[in-house]
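**Student:** Based on what follows, work out the 3D shape:
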Amino acid sequence: MTAEECRAYYEYTYRLDGMDARQVLGEEQLAKDSATCADTGMVTRRHYDCAMAAQSVDALQACGLPNT
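**Tutor:** Reported below is the predicted structural model:
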């Protein structure tokens, strides 16, 4: 996963929950978290694909943990 994909993941999953990731985390923290996600592999490709297809919080939760 790239930092750009991680950022898109954070922005999308926050939006599903009715929040704006940049407003909640701040730009600096969002960028840092996205880089950490990419560097550590804390979100698997399987989870990313599932999460990005989710249309609701329930569907997102059905994807399991980010590292699975």
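
**Student:** mind listing the helices for this structure?
**Tutor:** 3-16, 21-25, 27-40, 45-53, 57-61 (DSSP state H).

**Student:** right, so of these, which gets closest to residue 68?
**Tutor:** Closest to residue 68 of the helices of the chain, according to C-beta to C-beta: helix 45-53, at 6.0 Å. Heads up, the C-betas are built off the backbone N, CA and C, glycines and all.

**Student:** okay, that closest one in PDB with CA atoms only?
**Tutor:** Output in PDB follows, covering the C-alpha atoms of helix 45-53 (Å, rounded to 0.1, in the frame of the first residue of the first chain):
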ATOM      1  CA  ARG A  45      -4.600  -5.000   0.400                       C
ATOM      2  CA  ARG A  46      -7.500  -7.400   1.200                       C
ATOM      3  CA  HIS A  47      -8.900  -5.100   3.800                       C
ATOM      4  CA  TYR A  48      -8.300  -2.000   1.700                       C
ATOM      5  CA  ASP A  49     -10.200  -3.400  -1.200                       C
ATOM      6  CA  CYS A  50     -13.100  -4.500   1.000                       C
ATOM      7  CA  ALA A  51     -13.200  -1.200   2.900                       C
ATOM      8  CA  MET A  52     -13.100   0.900  -0.300                       C
ATOM      9  CA  ALA A  53     -16.100  -1.000  -1.600                       C
END
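
**Student:** Check which helices and strands it sits against.
**Tutor:** helix 3-16 (3 or more C-beta pairs under 8 Å, 6 or more residues apart in numbering; DSSP states H and E).

**Student:** Tell me the buried residues in the helix it packs on?
**Tutor:** By 16 or more other C-beta atoms under 10 Å, the buried positions in helix 3-16 come out as 3, 5, 6, 7, 8, 9, 10, 11, 12, 13, 14, 16.
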